[in-house]
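1. From the sequence below, what's the structure:
(chains A and B)
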Amino acid sequence: MNLPTLESINLLAVLPVLIVFGWTLVLLVIDLFIPSGRKYWTAWLGILGLLGAAVALAVRFIDARGAAVTAFDGMLTVDGFSLFLQAIFILTAVIGILLALDFLPRHKIERGEYYILLLFTTGGMMIMSMAADLIVVFLALELLSIPLYILTGFARPRADSEEAAMKYFLLGAFASGFLVFGIALTYGGTGTTSLVGVFNQLAEGEPSRDLALVGMALILVGFGFKVAAVPFHMWTPDVYQGAPTPVTAFMSVGAKAGGFAALMRILIVAMPAVGEAWGMLVAILAMLTMILGNVVAIAQRNIKRMLAYSSIAHAGYILVAVSAAQRPEDAPLAVSAAIFYLLTYAFTNLGAFGVVLAVEREDGSGNLLEDFAGLGRSKPVLAAIMTLFMLSLTGMPVSAGLVGKFFVFQAAINASVGNPWILAAAIVGIVTSVISAFYYIRIILIMYMQEGEPQVVLKPALTVALALTALATLILGIIPAPVFQLAKDALLTLVG
Amino acid sequence: MFTELQEANFLVPTSYYVILSAVLFTIGVAGVLIRRNAILIFMSIELMLNAANLAFVAFARAFQDLSGQVFVFFVMTVAASEVAVGLALIVAIFRSRKSIDIDELHSMEG
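-> Next comes the predicted model:
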């Protein structure tokens, strides 16, 4: 075993995540000296740190020219895939902070820890996208999850927030149990925890490959919980409804993207040798997820709950892309479709929750569908933006959602030659997209057709967040090619 | 992965440990699904994690490889931090409801 050297640790390659963690630790101290009532300073300082990380990320991207390197002796892989996802995480965190800026004081839960926990979670997600060893995957997943449990209960002692935190915590820890046991069996089957090692052992057709297969299934269960795939979705509606709305917005995008980042790296990079097995499982999960998410969303009267089922459904679409990546030759296109979908979903969903935030009242009510009645007359711009987000979530033209769905289904149909499971998943995806139009367009109808007096509070930070997300949704919908090219170049690679 | 020579040196074969860990894991899963008290659910989750730890240590011994043992330390550390957050949540819930029965947590329906 070689001793680590400065070169093998390669701190420069992971500079963005180092900036996030280092700055957050500094911020933890600074926050002590910021008087309560002025905690927005912490928020702006947090955004400053994220911008620093974004600059480091951009420099890294230009320096790397698509080449992949490892850091920390092969524990982390910095490739195009991880850079793209880190960009999504930083964007999500910035918008997540902007969404919370006015919300927290308005609901009298303004504490500096909020922003610090959010930054720690972001760091966990960033590591998740780079993890090249199952130990790191586990650590990153916990680093992502534990602050989120606390954030979910941030509106304590509000009953539904506490309840949501409890459910999220118990089911999250339950899922980690599956993940750890799955990793243990994978280790037992291959004798290594590094993804490169797992790849090599499986490619050689190890005698204890069955053990690794069971391990793979358990890992899939663990991540199924994290990304809210049916049948591991039970926590999602309650947690999304009970958590403070900015947390829901952040978690519905960040935690999902983080889960998919590690899931894709484990399955596609380390386990292509058993691709047929996991490809089928993922395709079945995808079908169940899309059907249940979209059908149950129709029956919801609370918009946060409806968006929770919608986010379950969207996990299904991404799973279609993951399942389409089961053969190495189809993987690049499918992975780029998945990460592009994650990007479009990030902007659209954050924006939709931003509108929900604006309509929500101080006592936590105002989340019912009827509360949006009359928005089209009293706040035409806000209603127009919400319409855009709803159309994008459905996958209607001139919105990012359509492009994202198009690439996913294109990748799935490309990969479906000789594989009926992927084809079935793609067909179910297209049919359920049509079903989803029902509940998304219902919101638009309520906003424009029904009479009502919504109480809207729009402060500058929220306005900026909404403008950003709406603009991005629109631009990605009209000229997706440059960004999709970036996603195409963002290769998942095996280095070590 | 297991060479016969290595296996012959062990008094207890690795498979025994793996079977035991699978049994413990199953007990843990059943506990989470059956128990209704938040703390007992939490203990069942710990049992699942420790079942995995046992499997790790057994495999690490069989392979004569340290990384499995290192993983156990990480799992224990993470479990400790989960306990810190989890118990805090349970205390918070108990303060406001005087109960930690998860069947009574149903303010949200739909």
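2. Averaged pLDDT, the strand or helix carrying residue A:281. What do you get?
-> For residue A:281, the element it lies in under DSSP states H and E is helix A:275-298. Helix A:275-298 carries an average pLDDT of 94.
3. next structured bit after that helix?
-> helix A:303-324.
4. tilt between the helix or strand that that following helix is followed by and helix A:303-324?
-> Sequence order places helix A:331-359 as the next helix or strand after helix A:303-324, per DSSP H and E. Calculated by axes from the mean of the first three to the mean of the last three C-alpha atoms, to 10 degrees, helix A:331-359 forms an angle of 180 degrees with helix A:303-324.
5. Please name every helix or strand in contact with helix A:331-359.
-> helix A:80-106, helix A:245-264, helix A:303-324, helix A:380-394, helix A:400-415, helix A:460-478, helix A:481-489 (3 or more C-beta pairs under 8 Å, 6 or more residues apart in numbering or on different chains; DSSP states H and E). C-beta coordinates here come from the backbone N, C-alpha and C atoms, glycine included.
6. closest to chain B out of those?
-> The closest of the helices and strands packed on helix A:331-359 to chain B is helix A:303-324. By C-beta to the nearest C-beta, the value is 5.1 Å.
7. The closest one and chain B in contact?
-> Yes - using C-beta under 8 Å from any C-beta of the partner chain, helix A:303-324 reaches chain B at residue A:305.
8. Which secondary structure elements does that helix sit against?
-> If you count contacts as 3+ C-beta pairs under 8 Å, 6+ apart, helix A:303-324 packs onto helix A:209-227, helix A:235-242, helix A:245-264, helix A:275-298, helix A:331-359, helix A:400-415, helix A:420-449.
9. so which of the helices and strands packed on helix A:331-359 gets nearest residue A:226?
-> helix A:245-264 (3.6 Å; C-beta to C-beta).
10. now the closest one against helix A:275-298, angle please.
-> 160 degrees.
11. Does chain B have contacts with helix A:245-264?
-> No - Helix A:245-264 does not reach chain B (C-beta under 8 Å from any C-beta); its nearest approach is 12.6 Å.
12. helices or strands up against that helix?
-> Helix A:245-264 packs on helix A:80-106, helix A:113-130, helix A:134-152, helix A:209-227, helix A:235-242, helix A:303-324, helix A:331-359, going by 3+ C-beta pairs under 8 Å, 6+ apart.
13. I'd like the average pLDDT over that helix.
-> Helix A:245-264 comes out at a mean pLDDT of 95.
14. Report the buried residues of that helix.
-> For helix A:245-264, burial by neighbour count (16 or more other C-beta atoms under 10 Å in any protein chain shown) applies to A:245-264.
15. Which part of chain A gets nearest to chain B, residue-wise?
-> Taking C-beta to the nearest C-beta, chain A has residue A:177 as its residue nearest chain B, at 3.3 Å.
16. what's the neighbour count on that residue?
-> Residue A:177: 28 surrounding residues under other C-beta atoms under 10 Å in any protein chain shown.
17. what helices or strands is the helix or strand harbouring it leaning on?
-> With elements taken from DSSP H and E, the one containing residue A:177 is helix A:159-190. Judged by 3+ C-beta pairs under 8 Å, 6+ apart, helix A:159-190 is in contact with helix A:134-152, helix A:195-203, helix A:209-227, helix A:235-242, helix B:14-34, helix B:38-63, helix B:67-97.
18. just the angle between it and helix B:38-63, please?
-> Going by the same axes, to 10 degrees, helix A:159-190 makes 20 degrees with helix B:38-63.
19. that older thread, quick check: chain neighbours aside, which residue is closest to the residue of chain A closest to chain B?
-> With C-beta to C-beta, 6 or more residues apart in numbering or on different chains as the criterion, residue A:177 has its nearest non-adjacent residue at 3.3 Å, and that residue is residue B:48.
20. ok, the one you found - contacts?
-> Neighbouring residues of residue B:48 by C-beta atoms under 8 Å, 6 or more residues apart in numbering or on different chains: A:174, A:177, A:178, A:180, A:181, B:24, B:25, B:28, B:29, B:32.
21. Tell me the one of the residues you listed nearest residue A:21?
-> Of the contacts of residue B:48, the one sitting nearest to residue A:21 (C-beta to C-beta) turns out to be residue A:180, at 23.4 Å.
22. dump the residue contacts of the nearest residue to the closest one once chain neighbours are set aside.
-> Counting by C-beta to C-beta, 6+ apart, the nearest residue to residue A:180 once its immediate chain neighbours are dropped is residue B:52, at 4.1 Å. Residue B:52 makes contact with A:177, A:180, A:181, A:183, A:184, B:21, B:25, B:75, according to C-beta under 8 Å, 6+ apart.
23. How many residues are close by the nearest residue to the fifth one once chain neighbours are set aside?
-> Pointing back at residue A:184 there. Closest residue to residue A:184 apart from its sequence neighbours, by C-beta to C-beta, 6+ apart: residue B:55 at 4.0 Å. Residue B:55 has 30 neighbours, counted by other C-beta under 10 Å.
24. need the contact list for residue B:55.
-> Residue B:55 sits next to A:181, A:184, A:185, A:188, B:17, B:18, B:21, B:22 when contact means C-beta under 8 Å, 6+ apart.
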